[in-house]
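Student: Fold the following, please.
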Amino acid sequence: MTGVKFTHVPFRGGAQAVVEVLARRIDFMVDPPLSMIEHVRSGKFRALAVTTAKRVPSFPDTPTVAEAAVPGFEASAWFGLIGPRRMPDDIVQRLNAICASVLADSSVREKLKGLRRRGAALSPKEITDLIAADIKRWNEVVDKANIERI
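Tutor: Here you go, the predicted structure:
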């Protein structure tokens, strides 16, 4: 959205990136708050911005990227339960109902809150629409930035 160029340095996980930032071999990282919250609290890291549309409870004083510099910016991670293309609809509905029930449980919600996560049960159509929107959105980003697809 800004035309700024960065070099992507791939790691097998956030822990490796944390080590590299702490060692000052890379300048910054983008990862879910859980992987870096203790480093921010200890002062070893400085939270510059969060990529979500709204501020996150783990970093209430940290602005969003949209607030800080790039209006309209949002990039958030989500997790979903995905099955094979031809999974029978009755199984899809049953799994969806079970997931919704688990996410509605107060003890699960508290556990997620403790992990600085939020849970939301989407319908099969909502998750399908979310995936389609993300594919469209990120394809546009890749095209605009001339990123090579491999």
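Student: And A100, how far from L81?
Tutor: Going from A100 to L81 by C-beta to C-beta, to the nearest Å gives 11 Å. Placement of C-beta: from N, CA and C, glycine included.
Student: Ignore what I typed, I meant A75.
Tutor: 22 Å.
Student: Pretty sure V50 sits against V56.
Tutor: Yes. With contact defined as C-beta atoms under 8 Å, V50 reaches V56; the gap is 5.1 Å.
Student: which one of those two has more residues nearby?
Tutor: Between V50 and V56, counted using other C-beta atoms under 10 Å, the more crowded position is V50 (24 against 18).
Student: So the more buried one versus V30, what's the distance?
Tutor: Taken as C-beta to C-beta, the span from V50 to V30 is 10 Å.
Student: Kindly report the same for I150.
Tutor: 21 Å.
Student: the more surrounded of those two?
Tutor: V30 (15 against 3).
Student: host element of the more buried one?
Tutor: For V30, there is no helix or strand it lies in under DSSP states H and E.
Student: Spatially nearest residue to it, not counting backbone neighbours?
Tutor: T51 (6.6 Å; C-beta to C-beta, 6 or more residues apart in numbering).
Student: after the lowest-mean-pLDDT helix or strand in the chain, next one along is what?
Tutor: Here the helix or strand of the chain ranked lowest by mean pLDDT, DSSP states H and E is helix 106-114, holding a mean of 85. Heading C-terminal from helix 106-114, the first helix or strand you meet, by DSSP H and E, is helix 124-144.
Student: same question for that following helix, mean pLDDT?
Tutor: For helix 124-144, mean pLDDT rounds to 92.
Student: And the pLDDT at the residue minimising distance to the centre of the chain?
Tutor: Central residue of the chain (C-alpha atoms, centre = their mean): A77, 1.9 Å from the mean position. A77 is assigned 81 on the pLDDT scale.
Student: Perfect, that will be all.
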